[in-house]
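**Student:** Got a predicted structure plus its sequence, pasted below:
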Amino acid sequence: MAVNHIYLIPGFFGFVDLGDLAYWGPAHDMLKHYLRQAAWPVTLHVVPVPPTASLRVRSRAVVQKIRETAPVDAPLHLIGHSSGGLDARLLVTPGLNLVEPALTQSIAQRVQTVITVATPHRGTPSAEFFSSLYGKRLLRLFSLSTVYVLRRGHLPLRVVIRLAQLMRRSISLLPGQRELSLDDHLFDALLGEFTKERRAAVKDFMGELRADQGLLSQITPHGMDIFGATAPDRPGVRYGCVITRARRPGARRIFRRGLSPLEHGMAALYASCWYLASTMSEEHLDPLSPEAMAALIAAYGEIPTLSDNDGMVPSLSQVHGEVIRAIKADHLDVLGHYPDPESFPPRYDWLTSGSEYRRRPFEATWEDVADFLLDRG
């Protein structure tokens, strides 16, 4: 039996590996466990893609990785988180030439499955903000903060407070130069708390993020209107999706966290991210299929609203193909970046979303993904 090759594609500003911190780490291990338990011959690969480069540049990186690692007759399967799901869709688009026509089509014809996880198929309003001059500057600090939290569990209080202020202010007005310089000050202060070795790796990652930000304008709702019209599904490929929806921020949930300034600051930061992603317009959405509607109602007890999101991507924007599973989780929970400090290595939450997504639903999510790959879902 031929060995199946699965390619895991990171998403928007997604690092692949920073020392002992792996973007796909927990999800990679869980998926590998279930597939090997089923005695399915498989090799998993994590694709290093430029974090915020254009979809075409990122998809080329996937093609190159496949060319370097998969035999020419191997069955291929693509799993993309966030914008990584768009890279996967673009790669298999009929007639598209990413590198060399013969090579691109040879690879696309061998792809059997495309699975997208929390992917902005119809765009995300968050990208509109990060496409602005101020948003691009703040993106560096926001990305570094994400890496820091997943590595150490929480940001220093002074950074939490200031970052929450900057994010909240960005929703209502355009800051001046003074705020931009404070952004740089916070960035340098936070970077200085990493070890020398990890600081070098983080600087390289941030350099890639700054060098090419073509992705940002492409994953806005307007940008994805064009993508949807020019990137049809490939006949013969099974498309599946995992949908995420996090809790709506509210004063009651903040007060339930107690009086810790750090907890309140993290909750405020999450609230800002949630509100940025909550302004999706109905004009950018396609009608849901009866099957998708049934899956969403079974998971949430209702159809998500236009404003529902996972802190980064609207939930209704994530529907494409068969709904493999719809979960109550934020944007990075689904990869295994939820709070579990007792695990080894410890896992920490991306933002304090209060999703309560933990090990059991995480295992169930990736068991369903494995079943979809095995065509027994």
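**Tutor:** Now that the structure is in, tell me what you want to look at. Treat the numbers as computed from the prediction; the structure is a model and nothing was measured. Numbering: from 1, shown residues only.
**Student:** so where is the stretch 251-377 of the chain shaky, pLDDT-wise?
**Tutor:** Applying pLDDT under 70 to the stretch 251-377 of the chain flags the ranges 251-259, 345, 376-377.
**Student:** Strands of that one, start to end?
**Tutor:** Remark: strands assigned in the stretch 251-377 of the chain by DSSP state E, counting those that start in this stretch are 322-328.
**Student:** longest helix in this structure, by residue count?
**Tutor:** Ranked by residue count under DSSP state H, the longest helix found in the chain is helix 133-152.
**Student:** For Cys273, see how far away Ala267 is.
**Tutor:** Separation of Ala267 from Cys273 (CB to CB, to the nearest Å) stands at 11 Å. Heads up, the C-betas are built off the backbone N, CA and C, glycines and all.
**Student:** swap in Gly153?
**Tutor:** 18 Å.
**Student:** Name the residue in these two with the higher neighbour count.
**Tutor:** Cys273 (25 against 13; other CB atoms under 10 Å).
**Student:** Any idea which residue is closest to the centre of the chain?
**Tutor:** Against the mean C-alpha coordinate of the chain, by CA atoms, centre = their mean, the closest residue is Ser82 at 3.2 Å.
**Student:** any idea which helix or strand comes after the longest helix of the chain?
**Tutor:** Downstream of helix 133-152, the first helix or strand assigned by DSSP states H and E is helix 157-172.
**Student:** My guess is Ala292 contacts Leu316. True?
**Tutor:** No - proximity of Ala292 to Leu316 does not meet the contact threshold set by CB atoms under 8 Å, at 9.6 Å.
**Student:** Who has more neighbours out of those two?
**Tutor:** Leu316 (25 against 20).
**Student:** got a list of what the more buried one touches?
**Tutor:** Counting by CB atoms under 8 Å, 6 or more residues apart in numbering, Leu316 touches Arg122, Met280, Leu285, Leu288, Pro304, Leu306, Asp308.
**Student:** do the same with Leu306
**Tutor:** For Leu306, the contacting residues are Ser278, Met280, Ser281, Glu282, Leu285, Pro314, Leu316, by CB under 8 Å, 6+ apart.
**Student:** distance of the fourth one from Val160?
**Tutor:** Meaning Glu282. For Glu282, the distance to Val160 equals 34 Å [CB to CB].
**Student:** Verify the contact between Trp274 and Arg245 for me.
**Tutor:** No - judged on CB under 8 Å, Trp274 makes no contact with Arg245 at a distance of 10.7 Å.
**Student:** hey, what's in contact with both of the two?
**Tutor:** Asn309.
**Student:** Settle it for me: which of those two has more neighbours?
**Tutor:** Between Trp274 and Arg245, counted using other CB under 10 Å, the more crowded position is Arg245 (26 against 23).
**Student:** can you pull out the helices in the stretch 201-350 of the chain?
**Tutor:** Using DSSP state H, counting those that start in this stretch, the helices of the stretch 201-350 of the chain run over 214-218, 221-230, 251-256, 261-276, 290-300.
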